[in-house]
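Student: Take a look and give me a structure for this.
(chains A and B)
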There are 2 protein chains.
Amino acid sequence: MIKKVVTSTESNWTKQEGLYHHIVISSRIRLARNLAKLPMPAFQDESSAFTVLEKVKKAAETINRQRKEQLYFYQLSELPALERQILLEKHLISPEHREEGPNKGIILSQDESICIMINEEDHLRIQVFMPGLQLDKAWGTADRLDDELESQLEYAFDKQIGYLTCCPTNVGTGLRASVMLHLPALVLTQQVGKVFRSLGQLGFAVRGLYGEGTEAIGNLYQVSNQVTLGKSEAEILQNLTELTGQLVDKEEETRKWLRKEWSAQLKDRVGRALGILQNAAILSSQEALQLISDVKIGMDLGLLSDKQKALLKDVNHSELIVLAQPAFVQRVTGRQLEAAERDQARAELFAQKFGAAQG
Amino acid sequence: MIKKVVTSTESNWTKQEGLYHHIVISSRIRLARNLAKLPMPAFQDESSAFTVLEKVKKAAETINRQRKEQLYFYQLSELPALERQILLEKHLISPEHREEGPNKGIILSQDESICIMINEEDHLRIQVFMPGLQLDKAWGTADRLDDELESQLEYAFDKQIGYLTCCPTNVGTGLRASVMLHLPALVLTQQVGKVFRSLGQLGFAVRGLYGEGTEAIGNLYQVSNQVTLGKSEAEILQNLTELTGQLVDKEEETRKWLRKEWSAQLKDRVGRALGILQNAAILSSQEALQLISDVKIGMDLGLLSDKQKALLKDVNHSELIVLAQPAFVQRVTGRQLEAAERDQARAELFAQKFGAAQG
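Tutor: Coordinates of the predicted model:
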């Protein structure tokens, strides 16, 4: 199963529909959990880490008997670095979890909508992904899975303060809800800085494509709740859902304004982006993501000609984002590549993808 | 006939072949002649200008009886400004000759390979254009035409110093020979400045696309002899022909080196240029000329894929250069356009030309 995950740009869940899917790439629920009576990962020795890995693996095997959608366990040390990198590029694991380590694991569902990281910052990080804005539904799935696991595992839990986690910001519900947003209009009109500063004041965190400390490229932003203590799950989800609705409205309004006032310039930008994706022979990951963003806003705003639309018929934004990534390109070409070779291989991939003039 | 000249990007002569045609766009011979006993244009009044115009027109009518290829007379004041601008963009007339004036004329052959300017700086400027490097052949044509005209007109001629002209640099043979060169490799490798400085020392002038005082755009350079006095026609032609051969060699060498050392970068540049020409929605004349230059070097060096080649099958460098020009775009769209509209109309023309994805 993992071979398909690391060789296909698609994850089944990204092909489903969801609310505001043209702007909200995905919703993610992440629950931080730790096993009782075992030191948290920061204080683990190898044998207690191994114990955690085995316990969780066994729990997954047990709950699988009752589940329609099966869960698959992988020890990360058994996967090549390139494949771990692809898991990161598909947002299934964090940058930290990708690094070498003997007792790191994941539990994955076939459609990649569920990925549990084992021995990351906490013993378990249960993650559920869904397309568009559907935090409630993703939460429902995560909550049921959490219950199933809790039937097999004893969690570190305090009646007073809730689930115990390594980082104090996760204590309480242990819930982090996040949405991945595509906000090209807010970026183009330079509103994004102001908007995000006010989000910070409201207790939300904004990050780039790969979480904490990463730069925003391709006009993609991850927005999540910052604090989990003292708030119920329902409150957290409602707040983020409302906020996302507001951001979507603001992005939509700005797009309409751009379409009205700067239609020719926008069409030009979109056309050039498509022309370059089709015909470049050297393409960096960062440039590809920017061009993808330009093409996407062209699709969303109906700025494409029929011929251009035909080229993009089967193209999915999430898929293109994965296609632009460094490890994925190497996976497709089947070998390790230097940065310069990667940029050439990536250009070829995009030329193929867009039924390009380039042979 | 003039309607075809100002509505078609093609001139019949540009479709012929010529030596080094991939680098030498065209060869031009220009003979400066003045009629005896009439003041030169700088000292003309309207009536003497009219006399010149009528005399030359009549001479053309007379020699037409003996000619296979007919010559057509036009009084420039009867052509709209836009059409005069197109004659300039096709290099048939000079920037000065385009300006309003009552007694300016041209005599044109159907294939546009002959254009005589009447009452420009001199009474007559006989011009002959040929594709590639064939100054001798163009000179042959110009010389015969000059003899035909001289059989009907009395030229201002001094046995000692030769043909009398308005500007002292033209006195003597009155011959200016020039070649239009496409030198993208010398520009890319920043050799062009040094090369042209040494040409200046050798007595050659280097100018941009539209002659004196114009900037070099699209990597196009006009090289001509600077002095006509004290040199025979044969010497002038031989010197420029030899020099052009050397410039072609240098450009060729540099292209080979670029192809060897920077193949991927060059392919990238060429592909992007094509992608932008196909898909841009706003395209300035200057950018279009640069992109055309990039695409042309890709064609010359075989850097295009089969699909890209197919797109460019019927494309001719001279034709594209004309297509990029401001007036031509307006002629095609059939009305005066603001600069911003022009850039949009031009983008559409190129999208059509390249069978683009844009509809």
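
Student: now what about stretch A:4-15, what contacts it?
Tutor: Applying Cβ atoms under 8 Å, 6 or more residues apart in numbering or on different chains, the contact partners of stretch A:4-15 are A:26, A:82-83, A:86-87, A:90, A:92, A:108, A:110-113, A:129-131, A:316, A:318-320, A:322-323, A:328, A:331-332. Glycine gets a C-beta too; all of them are placed from N, C-alpha and C.

Student: Checking the longest helix seen in chain A against chain B, do any of its residues make contact.
Tutor: For chain A, the helix that runs over the most residues, judged by DSSP state H, is helix A:233-261. No: figure legend: helix A:233-261 not in contact with chain B (Cβ under 8 Å from any Cβ of the partner chain); closest approach 13.2 Å.

Student: Which elements pack onto that helix?
Tutor: With contacts taken as 3 or more Cβ pairs under 8 Å, 6 or more residues apart in numbering or on different chains; DSSP states H and E, helix A:233-261 sits against helix A:135-150, strand A:175-182, helix A:184-188, helix A:192-201, strand A:220-225.

Student: Which strands or helices does the second one pack on?
Tutor: This means strand A:175-182. Short answer (3+ Cβ pairs under 8 Å, 6+ apart): strand A:175-182 packs on strand A:24-33, helix A:135-150, strand A:220-225, helix A:233-261.

Student: Which stretch among the ones you listed is buried most, on average?
Tutor: Of all the helices and strands packed on strand A:175-182, strand A:24-33 carries the top mean neighbour count, a mean of 25, counting by mean count of other Cβ atoms under 10 Å in any protein chain shown.

Student: what's the spacing between A:Gln286 and A:His123?
Tutor: 35 Å (Cβ to Cβ, to the nearest Å).

Student: So which bits of chain A are right by chain B?
Tutor: Counting by Cβ under 8 Å from any Cβ, chain A sits next to chain B at A:264-265, A:267-268, A:270-272, A:274-282, A:305-308, A:311, A:340, A:344, A:347, A:356-359.

Student: right, and A:Leu175 touches A:Ala234 too?
Tutor: No: counting by Cβ atoms under 8 Å, A:Leu175 does not reach A:Ala234; the two are 10.3 Å apart.

Student: Output the helices and strands packed on strand A:175-182 as a markdown table; include the columns distance to B:Lys55 and mean pLDDT.
Tutor: Formatted as a markdown table, the helices and strands packed on strand A:175-182 follow (distance: least, Cβ to Cβ, whole Å; pLDDT from 0 to 100):
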| stretch | distance to B:Lys55 | mean pLDDT |
| --- | --- | --- |
| strand A:24-33 | 77 | 95 |
| helix A:135-150 | 89 | 97 |
| strand A:220-225 | 74 | 93 |
| helix A:233-261 | 59 | 95 |
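
Student: Any idea how many residues pack against the nearest residue to A:Cys115 once chain neighbours are set aside?
Tutor: Nearest residue to A:Cys115, sequence neighbours excluded (Cβ to Cβ, 6 or more residues apart in numbering or on different chains): A:Leu92, at 4.3 Å. The tally of other residues near A:Leu92 (other Cβ atoms under 10 Å in any protein chain shown) stands at 23.

Student: Could you do A:Arg125 as well?
Tutor: Neighbours of A:Arg125 (other Cβ under 10 Å): 24.

Student: neighbours of A:Glu319, just the number please.
Tutor: For A:Glu319, using other Cβ under 10 Å, the count is 18.

Student: OK, now which residue of the stretch 101-250 of chain A is nearest to chain B?
Tutor: Relative to chain B, the nearest point of the stretch 101-250 of chain A is A:Leu188 (15.6 Å; Cβ to the nearest Cβ).

Student: same check, this time on the stretch 201-350 of chain A
Tutor: A:Gly275 (2.9 Å).

Student: and what of the stretch 1-150 of chain A?
Tutor: For the stretch 1-150 of chain A, Cβ to the nearest Cβ, closest residue to chain B: A:His22, 21.5 Å.

Student: A:Asp111 is in contact with the residue nearest to A:Cys115, correct?
Tutor: No: in this structure, A:Leu92 is not within contact of A:Asp111 by Cβ under 8 Å, at 11.6 Å.

Student: And the residue of the stretch 201-350 of chain A closest to chain B, which helix or strand is it part of?
Tutor: Assigned by DSSP states H and E, A:Gly275 belongs to helix A:263-279.

Student: just A:Phe73 next, same as before
Tutor: Per DSSP H and E: strand A:71-75 holds A:Phe73.

Student: Dump that strand to CSV, keeping only the CA atoms.
Tutor: The C-alpha trace of strand A:71-75 is given here as CSV (Å, rounded to 0.1, in the frame of the first residue of the first chain):
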residue,chain,number,x,y,z
LEU,A,71,-5.3,0.8,8.9
TYR,A,72,-1.8,0.0,7.8
PHE,A,73,1.2,0.2,10.1
TYR,A,74,4.7,1.2,8.9
GLN,A,75,7.9,1.6,10.9
